[in-house]
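>>> Compute the structure for the input listed below.
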Amino acid sequence: MFSGNLLILLTIRGSRLREQTMYFFLSYLSFTDVCFTSTMAPKLITDLLAQQKTISYNSCMAHMFYAHFFGATEIFILVAMTYEHYTAICRPLQYMVIMNRQVCYGLIMASAVGAFVHSIMQVLIIIQLPFCGPSQIDHYFCGIFPLLKLACTDISLLVIAIITTTGVLSILTFVALVISYIIILWTCSSEGFLKSLSTYGSHITVVFTLFLPLIFTYVPMAASVSNDKIFALFYTMTAPMFNPLIYTLRNTDMRNAMRKVW
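Predicted coordinates:
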């Protein structure tokens, strides 16, 4: 998954695809996936090989911050990519004006700032809690729900706050993305429907692969399974691993660019 996303990033940066807005966002999505997997995979592999699995408090806080930061950045970039697709299909005459390079960089910066605010809020919630009991986390990374269960205080209000913010935000973002793609496909003519479905089908696949596990983790009905590592594997490992396959195998421009660059 690391090498696949790095391959996409280097291919786009080393070809003329970088001049196209869609691939501009795709390169940043691949960069985010590289950073995200670099945050998650090394610790997971180390724990699988080590007999004694330990992590310091400060390292755990840093791990949680970067995991949430790069994960949230990926979500916001997917939203920006959907906006770019909507503009290209529904407002083609104004596309070059709306999606100029300054706007693209602004969307990337807004994604990073929004992800930073989200991540720092998760850390601030944890560092104010007292921990006086067991220090064993039933998870392969420092997630906020596993850490909350170690706190020696009433966390019911914090759990509700996290569910109503992160959970509801995940649902609303997922619904907005699905509706946007429905509008995009509906706007296409009968001749261009199949072409658009083939082009944007990969993006829809990424959205479903990433958001459905998040929703199952953070919606109110999932509070009892918030420690379930199976759901976490999908949005921390599976989605970043399939992104390069989804975006390259079904994309003629990417395949041609890879042949020229490599």
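>>> Just the helices from the chain, written as ranges.
Assigned by DSSP state H, the helices in the chain fall at 2-13, 21-49, 57-90, 95-98, 101-127, 144-148, 156-162, 168-187, 190-218, 229-233, 239-249, 252-261.
>>> what comes into contact with the fourth one?
Yep, that's helix 95-98 we're talking about. 87, 88, 91 (Cβ atoms under 8 Å, 6 or more residues apart in numbering). (Glycine included, C-beta is placed from N, CA and C.)
>>> Just the CA atoms of it, as PDB, please.
Only the C-alpha atoms of helix 95-98 are listed here, as PDB (Å, rounded to 0.1, in the frame of the first residue of the first chain):
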ATOM      1  CA  TYR A  95     -14.800  24.900 -14.700                       C
ATOM      2  CA  MET A  96     -11.500  26.700 -15.500                       C
ATOM      3  CA  VAL A  97     -12.600  29.800 -13.500                       C
ATOM      4  CA  ILE A  98     -14.000  27.900 -10.500                       C
END
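>>> how about it: buried residues?
By neighbour count on 16 or more other Cβ atoms under 10 Å, the buried set for helix 95-98 is empty.
>>> In this structure residue 158 contacts residue 149, no?
No - judged on Cβ atoms under 8 Å, residue 158 makes no contact with residue 149 at a distance of 11.1 Å.
>>> my guess is residue 138 meets residue 146, correct?
Yes - counting by Cβ under 8 Å, residue 146 is a contact partner of residue 138 at 6.2 Å.
>>> so which of the helices of the chain gets nearest residue 134?
helix 144-148 (11.5 Å; Cβ to Cβ).
>>> How about the contacts made by the spatially closest residue to residue 238 that is not a sequence neighbour?
Among residues not flanking residue 238 along the chain, residue 209 sits closest, at 6.5 Å (Cβ to Cβ, 6 or more residues apart in numbering). By Cβ under 8 Å, 6+ apart, the contact set of residue 209 is 234, 235, 238, 239, 242.
>>> go on, residue 218?
Contacts of residue 218 (Cβ under 8 Å, 6+ apart): 162, 163, 166, 167, 170, 226.
>>> residue contacts, the fifth one?
Spelled out, it's residue 170. Taking Cβ under 8 Å, 6+ apart as the test, what residue 170 contacts is 211, 214, 215, 218, 219.
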